[in-house]
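Trainee: Model the structure of this input:
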Amino acid sequence: MIVLIRIYPPTRGSAVVPNDVADVESLPEWSRLVAEAVSLSGRKGSTIAARSVQVAKVFSELDSDLEGGCLDEFLLSRMRNGKIQKPRWEKLILLKLTLLYLDDRSCSDLPARREAALAEAVVFAKRVLATAVPQTAKGAAGSRRPDARHERTVELLEAYGEDLLRQVGESGTGEAEAKLALLHQLGGNSDDARYWSGQAFAVDPNYVHASSQQELFSRAHYYATGYQRAFEPKIAYLYWKYAAESGDGIAAFRLGQMAELKGDLEDAANWRRIADSLGYSSQDQYGNP
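Mentor: Numbering: from 1, shown residues only. Below you'll find the predicted structure:
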């Protein structure tokens, strides 16, 4: 007699790890989380990879880091088996969004549902990265030798960058890490921005990665205004400048005001023209007539 055994995909709530995953006990914690998420979905790597291109396109309107993004079977296998040092932020976001889409395609139908799905993906990525971040014990950062990431920070921010790097891991608040994430993101260094975002979250679980340009600008305004009130105009200038160069009209207008206060009317006029080109002018400052 032939007995037919039907194998069902794992149901939600189970903790089954796929057969192609190495000994689960030997995996780093972040890799276990990825392997479990894939396992619970009951989807093959080929299915996830094929659908990820469409998902990235749909959700790139909410998160520009997903634009042109995709997953492939080889990467998924390496992530599940802990064969990479640390997963990338946008790949984790895309993985979770793809799993959510495969489970319920309506999650991409309406803006509100897409935002809710992205928020869930952000929580997942934070949880994974929190376990992948190296030790951030107090004072540990100061004992590490300068690396390429630190060198890029100093090149970008000069003395202020050195000051922030000294503060990393010392205050225990995650503020220095959050500032580094912001400035690198505004400066176009997305890889460094994701790294420092992970460091900030590891120190402060309430930290949230900026997922929109407007949110980036809002944070830059907050820090710049704080430094101006603390009579640190050079540091405030950095935040305004990087925000303005990323397309923030308000920041360009503020730079024009700072130049005018210094008596540099030519520079002030230049920043005002840039602010106008970005859709912001003095009329916005005081209200349109």
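Trainee: Please report the distance of residue 132 from residue 28.
Mentor: 7 Å (CB to CB, to the nearest Å). (C-beta placed from N, C-alpha, C; glycine too.)
Trainee: okay, those two: which has more neighbours?
Mentor: More neighbours surround residue 132 than the other of residue 132 and residue 28, with 20 against 15 (other CB atoms under 10 Å).
Trainee: Apart from its chain neighbours, what residue comes closest to the more buried one?
Mentor: Excluding the flanking residues, the one nearest residue 132 by CB to CB, 6 or more residues apart in numbering is residue 30, at 4.0 Å.
Trainee: Number of residues surrounding the one you found?
Mentor: Applying other CB under 10 Å, we find 21 residues neighbouring residue 30.
Trainee: what about it, distance to residue 147?
Mentor: Counting by CB to CB - residue 30 and residue 147 are separated by 21 Å.
Trainee: cool, and residue 188?
Mentor: Distance from residue 188 to residue 147, by CB to CB: 20 Å.
Trainee: And the two? Which one has more around it.
Mentor: Taking other CB under 10 Å, residue 188 and residue 147 do not tie; residue 188 has more neighbours (12 against 9).
Trainee: quick one, what contacts residue 267?
Mentor: Going by CB atoms under 8 Å, 6 or more residues apart in numbering, residue 267 touches 256, 259.
Trainee: pLDDT at it, what is it?
Mentor: pLDDT recorded at residue 267 is 91.
Trainee: That one sits in which helix or strand?
Mentor: Per DSSP states H and E: residue 267 is located in helix 265-277.
Trainee: Low-confidence regions, the protein specifically.
Mentor: Applying pLDDT under 70 to the chain flags the ranges 1-25, 85, 133-146, 170-171, 282-289.
Trainee: what secondary structure does the closest residue to residue 126 other than its chain neighbours sit in?
Mentor: The shortest distance from residue 126 to any non-neighbouring residue, by CB to CB, 6+ apart, is to residue 201 (5.3 Å). Assigned with DSSP: H, G, I helix; E, B strand; the rest coil, residue 201 falls in the helix class.
Trainee: who's in contact with residue 201?
Mentor: Residues near residue 201 by CB under 8 Å, 6+ apart: 126, 129-130, 133, 174, 207, 209.
Trainee: Give the buried subset of the residues you listed as a ChimeraX selection command.
Mentor: Buried members of the contacts of residue 201, defined by 16 or more other CB atoms under 10 Å, are picked up in ChimeraX with:
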select :126,129,130,133,174,207,209
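Trainee: which among the contacts of residue 201 gets closest to residue 263?
Mentor: For the contacts of residue 201, the residue nearest residue 263 by CB to CB is residue 174; the value is 38.7 Å.
Trainee: What is the neighbour count of residue 235?
Mentor: Residue 235 has 19 nearby residues by other CB under 10 Å.
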